[in-house]
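Visitor: sequence plus predicted model, see below.
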Amino acid sequence: MKYEYKYIVPVSKLAALREAFSPFVELDPYAASDANHQYKVRSIYFDTPQFDFYFEKLDGFKVRKKIRIRGYNEKIGDDIVFLEIKRKFKEPIEKSREKLTFDFVRRLLNSSDINYDQENDHWKSDDINGAGKFFYHVYSQRLKPVILVIYEREAYFDRFGQEMRLTIDKNLRSLPYPGIDDLFKEEKASYAMKEHFIFEVKFRENFPFWLRPVIGRLGLMKQAASKYVMCINTHKLSERMQHAGAGSPLIRMHNKNSSTC
């Protein structure tokens with residue numbers, strides 16, 4: 001398990017932040033291989049028909065999860081994607097991911113059966129390794145892809161060896177109700193927070209001691225910064241779901257809590 005501290009930072013502070021932490025970090029190899037020292041992150045998030053995962057986050061559930069398919073950069077052919085289950089237990093985060101080809105994941109999703117066996121084009125549970133956990137959640141909870149989230153990421157590691165990672169996620173944008181074939185698309189994507197980026201500090205045990213003065217000097221405040229929630233809000237999908245799904249227990253609970261605040 002690890003911890004994630006998040007900060008929403010004005011773009012005007014980006015250069016100062018980089019300069020302040022640069023003596024202590026080195027670029028992630030994937031970011032270093034790019035001329036702009038960044039890579040593109042693409043994630044299709046799944047949720048229930050009532051958007052239960054979204055409302056669990058809004059209502060501050062201490063234990064919750066996200067289900068998503070993640071790819072990187074542009075489609076080039078035999079692309080690798082990851083089926084991810086990210087769980088939060090109060091503060092700590094646990095993430096499991098299964099690495100598969102994009103084409104194989106498309107076929108799995110289109111088959112609606114992870115044990116599908118037809119003619120010679122078959123697969124069994126052993127062929128898809130840990131992906132069975134992902135599809136268990138998708139099928140048992142009737143999850144649907146609800147939003148494609150895209151952003152550029154700068155990533156850094158602590159050069160002194162501590163298990164710590166810094167990320168700067170920029171140009172947050174999204175498309176509602178994507179299909180799996182949309183993972184590598186972004187035409188007509190809508191931007192959120194054009195004037196801000198999300199700075200994340202990920203660590204296993206201790207918050208890096210050298211980073212505290214940087215955080216204080218730049219006036220950064222730790223806060224909730226769910227890219228999933230921000231992008232759902234960008235398209236006002238929550239308003240549509242609250243209107244359409246008033247019978248959901250989570251929505252009733254959320255509306256009740258909101259009305260008493």
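Guide: Happy to help now that I have it. Numbers count the residues shown, from 1 in each chain.
Visitor: so how far is whichever strand or helix holds Glu4 off the chain centroid?
Guide: Using DSSP states H and E, Glu4 falls within strand 3-10. In terms of C-alpha atoms, centre = their mean, to the nearest Å, the centre of strand 3-10 is found 14 Å from the chain centre.
Visitor: tell me the mean pLDDT for that strand?
Guide: With pLDDT averaged residue by residue, strand 3-10 scores 96.
Visitor: what packs against that strand?
Guide: Here strand 3-10 touches strand 196-203, going by 3 or more C-beta pairs under 8 Å, 6 or more residues apart in numbering; DSSP states H and E. Quick note: C-beta positions are derived from backbone N, CA and C, even for glycine.
Visitor: buried set for the helix or strand just after the strand it packs on?
Guide: For strand 196-203, the following helix or strand on the C-terminal side (DSSP H and E) is helix 211-217. In terms of neighbour count (16 or more other C-beta atoms under 10 Å), helix 211-217 has its buried residues at Leu211, Val214, Ile215.
Visitor: relative to the whole chain's centre, how far out is whatever helix or strand comes next after the strand holding Glu4?
Guide: Counting by DSSP H and E, the element after strand 3-10 in chain order, helix or strand, is helix 14-21. Averaged C-alpha coordinates place helix 14-21 at 24 Å from its chain's average position (C-alpha atoms, centre = their mean).
Visitor: kindly report the same for stretch 58-75.
Guide: 4 Å.
Visitor: cool, stretch 39-53 as well?
Guide: Worked out by C-alpha atoms, centre = their mean, stretch 39-53 lies 7 Å from the chain centre.
Visitor: and that stretch, what's buried?
Guide: 39-48, 50-53.
Visitor: identify the farthest-apart pair in those.
Guide: With C-beta to C-beta as the measure, no two of those lie farther apart than Tyr39 and Gln50, at 33.8 Å.
Visitor: CA atoms of the helix or strand hosting Ser174 as PDB?
Guide: Taking DSSP H and E as the criterion, Ser174 maps to strand 164-176. Extracted in PDB, the C-alpha atoms of strand 164-176 (Å, rounded to 0.1, in the frame of the first residue of the first chain):
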ATOM      1  CA  MET A 164       8.600   8.100  -3.600                       C
ATOM      2  CA  ARG A 165       7.200   9.500  -6.900                       C
ATOM      3  CA  LEU A 166       6.100  13.000  -7.900                       C
ATOM      4  CA  THR A 167       3.700  13.600 -10.700                       C
ATOM      5  CA  ILE A 168       2.500  16.700 -12.400                       C
ATOM      6  CA  ASP A 169      -0.700  16.100 -14.400                       C
ATOM      7  CA  LYS A 170      -1.600  18.800 -16.900                       C
ATOM      8  CA  ASN A 171      -4.200  19.700 -19.500                       C
ATOM      9  CA  LEU A 172      -6.900  17.500 -17.900                       C
ATOM     10  CA  ARG A 173      -9.600  16.800 -20.500                       C
ATOM     11  CA  SER A 174     -12.300  14.100 -21.100                       C
ATOM     12  CA  LEU A 175     -14.900  12.600 -23.300                       C
ATOM     13  CA  PRO A 176     -18.200  11.200 -21.900                       C
END
